[in-house]
Each structure stands twice: as C-alpha cells, then as structure tokens.
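J.: everything below, folded, please.
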Amino acid sequence: MLKIKQIREVIRTAFVMPNASANQIAKLTHCSHQSVGRIIKKAILSDLTHPVAAACSDSEITQLLYPSLHDKVGSKRDPDYIELYKQSLKAKGKGKSGTVSYLEYHAVDPESAYSKTQHFYLARKFLKKSRLAMRQQYVAGEVLFIDYAGTKACYSNAGETVWLKVFVACLGASKKLFAFATASERTIDWLNGMTRALDYFGGVPEFISIDNAKALVSKPGLVPVLIKNIELFGEHHVCIIDACRVGMPQDKALVELGVKFVKQRILIPMNADLTFHSIDELNAHLAKEVEKLNNLPLQKLDVSRNQLFDELERSELKKLPSIPFEAICDFKTVKVPPTYHILVDQHEYSVPHKLTQEAVNIFVTQTHVKVEYDNQLVATHLRSDEKGGCTTLYEHMPAQHQAESLKSKEEYVNWAQTVGSNTQLYVQELYRETKNPKSRAIGKQCQSLMKLFTDKENTAIEKVCDYALRNQIKPAEMRLVVSAIDDLEPEEVPTTLLVHKNIRGKGSYGGRYEN
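T.: As a prediction, the model looks like this:
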C-alpha cells in the first residue's frame, strides 16, 4: 500500500491528465505503474474523484479504497485501559507495576491475550495520550516559583564534610534562575532563600508559588493554610503566597526544570571537582555559576534569561519594602497584668498601661519583641538576654509612675550640679553604697537633702556639703550642720567638731576622763 500522499497525487494527476497512461502517471508520482493501475481502478469503483478526495481526510480515503483493513476484527483482547490509568495516578510505590498488570490481564484468558511486549506497548501508548499537559503562559512580574534541589552541596570544615541544601527560585515569564545554599529546609531557611531571591531579582512578583512542605504549609488544600511566618512574609511584601496541588509537581514545572538545570550544570560538577571551606565561599561560586546559566540562550530561542528579564520582567516587579522582613521566632497571646509588663524568655517588657487586663499578641523576632493590640502595633522592644530583668519605656507608664521613675541617681546628680561641685560629690558619695541607680533608700536620702536645702543659698549648701564630705557626715545628721551654719558667719564654718548649746561635755557627767 502506497503512502497516502502518493495516493492523493495519483488521483489528482489522473483527474488533471485523463488521457495519460499508467506509465506516465507513475513517472510523475514516483511509483510503479502497477500501483497506479490498482489505485485508479479502486478509485473508479469507489467513485473517488479528485474533488471528493480533496474534501476527505486521510482515514476516509483509506477506508474507501481499502475497506477490508477497517472491517478486520482482531482476535486479541485489549488491556483494561481504565484500570491502567487508575494505577498510574497512584503515588510511587503504591500502584501496581506493569508486570503485575500484565499477569492479571493474561490470567483472565491466555488465548486472547496479547504478548507481554505488545501489552506494554499498548499500555505506554495509551498512558502517553492520557497524560496531557496544559500549556501555561505567565505574565511578566506575575509569579516566582521556589523549591529545593534533591542534590546537596558540601564544604569542608576542619576535615569534616558539611552538607547543605540548595534553594532554587525561577521567575515565570523570563525563567531567570536563582540558587542559594542553606543549612537545612526549616522555615527560617525557606524565608532566608525567598528574601535573598527577591533581593537578587530586585523586586516582588504578584504571587510566590511554594511547595506543600511542612515547613511552609500547616494544612494543604485548594487554599492552603500557611505557617504563620510564611503568611507574615507575604503580608510584609504585599504578595500572595500559594501552594501547588498535592502530588502535582507539574504545577511548578518551571522550577522543577530549573532545579534539574542547576543540578546537571552546577551541583554535580561542583561536588566532583571543587572543594570549599565555608558556606559563604560555596554560595559565592554558586551565584557566579547561576549567572552564567542566566546568560545562556534558551533552547529553541535566540535570547537568554537575563535578556528576557531586562526587557520584560524587571520593570513589572513591585518595589521591595524599605524595612527588611524579620522572621517570628515565637508568637503568643497573653493578658496584660497590673504591672503592665509581659514576660518573654524570662525578661519583662512594658506595654502601654491602658492595656492592663487586655489580651495582646506578642511577636518575638531574632532582634525585637513586638506587641500588637486590635491589629495595631503598640510596643516595640529590642530583645534582652538579661534573665529576670525588666525593660520599661517611659511613655508606657502612668503619670505617677513617670514621676517616680525620675527619682534616680541621674536626676539627683543633675540637681546637685546646679548647686555646685561639693554638692555633686556628696550625692555621688551617697550612691557609692549601691549598684542600683534607682535605689529607693538612697533616693529618699537625696530627697531629704533637697527639702533641707529648699530655702538655702547655693554658697551655704556648698559649705555644708564640703564640711560633710571632710567629716563623713551622714544625711541624717545634716540638719545639725545646717543649723550651725545658720548661727555662724559663712567664713567661720568650723573645720573640726562642732560645739553648740545642745552638746554636753565631760563636766556634765561628774566623772574623771584623764585616760
């Protein structure tokens, strides 16, 4: 049987040159004159003229000329294609193998069964036709796909090999790649990879397509429930974070191909031929090699990923936020106690006192403690490592507590400076007895001095403090010194022990005191 193209040519030539012989037609159509004669005869019997043949499909022409081929009924039984398709949809290792499927098919009726080779051929042909892939077209700036490569990278640390996971990202429109090695695949590593990828691309896409890894998704589904940090990452960058369907890697086919490309072109040669001594050194080499890949022309296209990115996608990406994202190390909701301080890692942090007895949300990052109430940020503190300590902001305190908080060494030393150097030294001497600059006991002593000196001149206060420093007079005894100052002229301030009417000598006791 001739090819359908030659059959059409014979019919057309015979129609155009009705008086031509079979030999002439055979030379024009490049076939034997016997085949020409048979085709013309079959066409006349079937009323198949050139206008009719031009309107028919190839299968319709062969059915008209060779009806016996189409009416032939085979004696062999077809495989159960529906069951084969169902088994192919199951996860790897859970579906029946091709051999098991054939044995079950053959056991039903060995006489009507195809051979194993033919069964496999028909099964593969059917499954290939069943597995259709929808062609996806991504708009510039629309999507960023992310994934981890199965192949690891490594570096040597004091003779010990340290293995790293490799994060890969791929933009949808330009297919530009990014790769970065991390210690593992924890949530913080995914966040670190995404942050560095967005910095590398210089912008934010409309949405990020992620895997259904447990470090990213707490509950998969049509609209997945994301881990809190991943959700906050999307909110911070004003982009949608969506996961592909479970068990459907074709939803992120671009990054799957990108991972394969990075593995074959970079990771395997790198592990075989190079030795690194730090993760930074490894990542520097990885960045250089990925840039080379981005500069290579795409298959079947005379343009590189970088060229497509510069021409189409760079301008379509949204701007990066001015404040970098901070991952949440801990999150909890607590009720504010009467002390208006909340406890985080054995350290207390203040919140506005008006929120006492209200429930607030606490976000703990690597560097800060942030408190939200009614979806509004109400307090931000730098994290402290001081166990049992307390961090209090002045504006969080009520008025009476603010006034009390001012009673500190700094406050009293500032007052003493306005008086003079002797007064300042005296106050500082008082605080040498404590390590706490807000000591209540010393503060009360300073307050008593301030009251005692209320109506005194600075020169008089300075003389009293000078005497007190030289004679180690305690604050409780300062009233006696002040009363003596009132009775004497300023230049006659005694430099030895004071004598006045309230001090009795040895004669008052009637004893002998020679010794």
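J.: my guess is I268 is in a helix, correct?
T.: Yes. Under DSSP: H, G, I helix; E, B strand; the rest coil, I268 sits within a helix.
J.: what distance do you get for it to F145?
T.: 22 Å (Cβ to Cβ, to the nearest Å). Bear in mind the C-beta positions are built from the backbone N, C-alpha and C, glycine included.
J.: those two: which is more packed in?
T.: Ranked by neighbour count (other Cβ atoms under 10 Å), I268 and F145 place F145 first, with 26 against 12.
J.: list the residues that contact the residue lying closest to the more buried one once chain neighbours are set aside.
T.: For F145, ignoring the flanking residues on the chain, the nearest one in space by Cβ to Cβ, 6 or more residues apart in numbering is V255 at 3.6 Å. Taking Cβ atoms under 8 Å, 6 or more residues apart in numbering, we find V255 in contact with F145, I146, D147, V168, A169, C170, S209.
J.: give the rounded mean pLDDT of stretch 349-358.
T.: When pLDDT is averaged over stretch 349-358, the result is 92.
J.: can you list the contacts of V255 in a markdown table and add secondary structure?
T.: Listed next are the contacts of V255 as a markdown table, based on three-state DSSP:
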| residue | secondary structure |
| --- | --- |
| F145 | strand |
| I146 | strand |
| D147 | strand |
| V168 | strand |
| A169 | strand |
| C170 | strand |
| S209 | strand |
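J.: which pair of the residues you listed spans the longest distance?
T.: Greatest spacing in the contacts of V255, by Cβ to Cβ: V168 and S209 (12.5 Å).
J.: pull up the overlap in contacts between these two.
T.: Shared contacts of V168 and S209, defined by Cβ under 8 Å, 6+ apart, are found at I146, V255.
J.: who's in contact with S350?
T.: Shown in contact with S350 (Cβ under 8 Å, 6+ apart): Y340, H341, A379, H381, C390, T391, T392, L393, H396, M397.
J.: so which of the residues you listed belong to helices?
T.: Judged by DSSP state H, the contacts of S350 include no members of helices.
J.: about what we covered before: more neighbours: which of V168 and S209?
T.: Neighbours were counted for V168 and for S209 using other Cβ under 10 Å; V168 has more, 24 against 21.
J.: so which helix or strand of this protein has the lowest pLDDT on average?
T.: One helix or strand of the chain scores below all others by mean pLDDT, DSSP states H and E: helix 67-71, with a mean of 70.
J.: got a list of contacts for the next helix or strand after that helix?
T.: For helix 67-71, the following helix or strand on the C-terminal side (DSSP states H and E) is helix 81-89. Residues outside helix 81-89 that contact it (Cβ under 8 Å, 6+ apart) are G95, K96, S101, A123, F126, L127, S130, R131.
J.: next one: stretch 7-14
T.: Counting by Cβ under 8 Å, 6+ apart, residues outside stretch 7-14 touching it are 2, 20, 25, 28-29, 31, 35-36, 39-40, 43, 48-50, 53-54, 61-62, 65.
J.: among those residues, which ones are in helices?
T.: 25, 28-29, 35-36, 39-40, 43, 50, 53-54, 61-62, 65.
J.: in the helix or strand where C446 lies, what's buried?
T.: When elements are assigned from DSSP H and E, C446 belongs to helix 440-452. Across helix 440-452, burial judged by 16 or more other Cβ atoms under 10 Å covers I442, G443, Q445, C446, L449, L452.
J.: I'd like the next helix or strand past it.
T.: As assigned by DSSP H and E, the chain's next helix or strand after helix 440-452 is helix 458-471.
J.: now for that following helix, which elements pack on it?
T.: In terms of contacts (3 or more Cβ pairs under 8 Å, 6 or more residues apart in numbering; DSSP states H and E), helix 458-471 is packed against helix 409-419, helix 421-431, helix 478-487.
J.: relative to helix 409-419, how tilted is it?
T.: On the basis of axes from the mean of the first three to the mean of the last three Cα atoms, to 10 degrees, helix 458-471 is oriented at 120 degrees to helix 409-419.
J.: could you check the distance from T195 over to K252?
T.: T195 sits 19 Å away from K252, going by Cβ to Cβ.
J.: so where is the stretch 101-250 of the chain shaky, pLDDT-wise?
T.: Filtered on pLDDT under 70, the stretch 101-250 of the chain yields the residue ranges 132-136.
J.: quick one, strands of it?
T.: 143-148, 153-157, 160-171, 177-182, 207-210, 217-219, 225-226, 240-243 (DSSP state E, counting those that start in this stretch).
J.: in TSV: those strands, plus distance to G420.
T.: Converted to TSV, the strands of the stretch 101-250 of the chain look like this (distance: least, Cβ to Cβ, whole Å):
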stretch	distance to G420
strand 143-148	68
strand 153-157	63
strand 160-171	65
strand 177-182	63
strand 207-210	67
strand 217-219	67
strand 225-226	65
strand 240-243	66
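J.: let me know which of those strands is the nearest to E313.
T.: Minimum separation from E313 across these (Cβ to Cβ) falls at strand 160-171, 6.0 Å.
J.: residues of the closest one that come out buried?
T.: V162, L164, K165, V166, F167, V168, A169, C170, L171.
J.: wait, which of the residues you listed is closest to K300?
T.: Taking Cβ to Cβ as the measure, K300 lies nearest C170 of the buried residues of strand 160-171, at 17.8 Å.
J.: quick one: the strands in the stretch 301-450 of the chain?
T.: 328-335, 341-344, 347-350, 359-365, 368-373, 376-382, 390-391.
J.: pairing partners for the fifth one, with directions?
T.: Paired strands of strand 368-373, with direction, are strand 359-365 (antiparallel), strand 376-382 (antiparallel) (DSSP bridges).
J.: same check, this time on the last one
T.: Strand 390-391 has the following strand partners under DSSP bridges: strand 347-350 (parallel).
J.: identify each buried residue in the strand it pairs with, please.
T.: H347, E348, Y349, S350.
J.: ok, now stretch 122-130?
T.: By 16+ other Cβ under 10 Å, the buried positions in stretch 122-130 come out as L122, A123, F126.
J.: and for stretch 302-315?
T.: So stretch 302-315, judged by 16+ other Cβ under 10 Å, has buried residues S304, R305, N306, Q307, L308, F309, E313, R314.
J.: got the CA positions of that stretch in CSV?
T.: Output of stretch 302-315 as CSV, limited to C-alpha atoms (Å, rounded to 0.1, in the frame of the first residue of the first chain):
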residue,chain,number,x,y,z
ASP,A,302,18.0,33.1,20.5
VAL,A,303,17.6,35.0,23.7
SER,A,304,18.9,34.5,27.3
ARG,A,305,17.0,34.6,30.6
ASN,A,306,18.8,37.8,31.6
GLN,A,307,17.8,39.5,28.3
LEU,A,308,14.2,38.5,28.8
PHE,A,309,14.3,39.7,32.4
ASP,A,310,15.7,43.1,31.4
GLU,A,311,13.3,43.6,28.5
LEU,A,312,10.1,42.2,30.0
GLU,A,313,10.1,41.5,33.7
ARG,A,314,12.3,43.8,35.7
SER,A,315,10.0,46.8,35.3
